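[1] The sequence and its predicted three-dimensional model are supplied below.
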Amino acid sequence: MRYHRWVLIAIRAAALSMLRIVSPVQANESDMRATTSKPATITISSRAVHSSADTSARVVLTVTGYEPSTSGPVTTVVSLDCGSNVREIGRFGIFPNKAFSVLDGAKPQRFGFPLPDDPSCRQPQTVIIRLEPQTGGGSGASLTISDASIE
């Protein structure tokens, strides 16, 4: 059976729009992207039950994309929402300072941070990711996170 070109285009368009609806990364991509002007607040997934005495528990971030600033390097600041306060748990930078994306075939990068000893931070619900310029204003910098989990 031979299809006309416009029928094939319509079928592809419908398939792509369905993928956008069911794909969790696509649906929340703007929420998973941090910039210097807008931090990302990400719900922690794959939460295992950890006792307050478990010192091996850590927050693990999976970074799937990065765009460096045109005005100088940026540092990623990782904080937890610990009930009534926000607590910084670590910082990291992407090295080398060049753009990458898993959509272009790059491998994701993972970063782990131990949970604080504070009992209010042992079962966090969200992690806050923000980019802080080291020099310049940090214009154009963005970081895309596909997952935040406790392991």
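    That came in fine, so what should we check first? Numbering: from 1, shown residues only.

[2] Out of the helices and strands in the chain, which is least certain?
    Of all helical and strand segments in the chain, the minimum by mean pLDDT, DSSP states H and E falls on helix 24-27, at a mean of 38.

[3] Walk me through which strands the helix or strand that comes right after it pairs with, and which way each runs.
    Scanning forward in sequence from helix 24-27 by DSSP states H and E, the next helix or strand is strand 33-35. Applying DSSP bridges, strand 33-35 is found paired with strand 142-150 (antiparallel).

[4] what about the partner strand, distance to the chain center?
    With CA atoms, centre = their mean, to the nearest Å as the basis, strand 142-150 stands 2 Å off its chain's centre.

[5] Point out where this structure drops to low pLDDT.
    Within the chain, the stretches with pLDDT under 70 are 1-31, 46-55.

[6] residue ranges for the helices of it, please.
    5-22, 24-27 (DSSP state H).

[7] Make sure residue 122 is actually in contact with residue 115.
    Yes - with contact defined as CB atoms under 8 Å, residue 122 reaches residue 115; the gap is 5.9 Å. Placement of C-beta: from N, CA and C, glycine included.

[8] okay, those two: which has more neighbours?
    A side-by-side neighbour count of residue 122 and residue 115, using other CB atoms under 10 Å, places residue 115 first with 21 against 18.

[9] I'd say that one and residue 89 touch.
    Yes - the pair residue 115 / residue 89 is scored as a contact, 7.4 Å apart, by CB under 8 Å.
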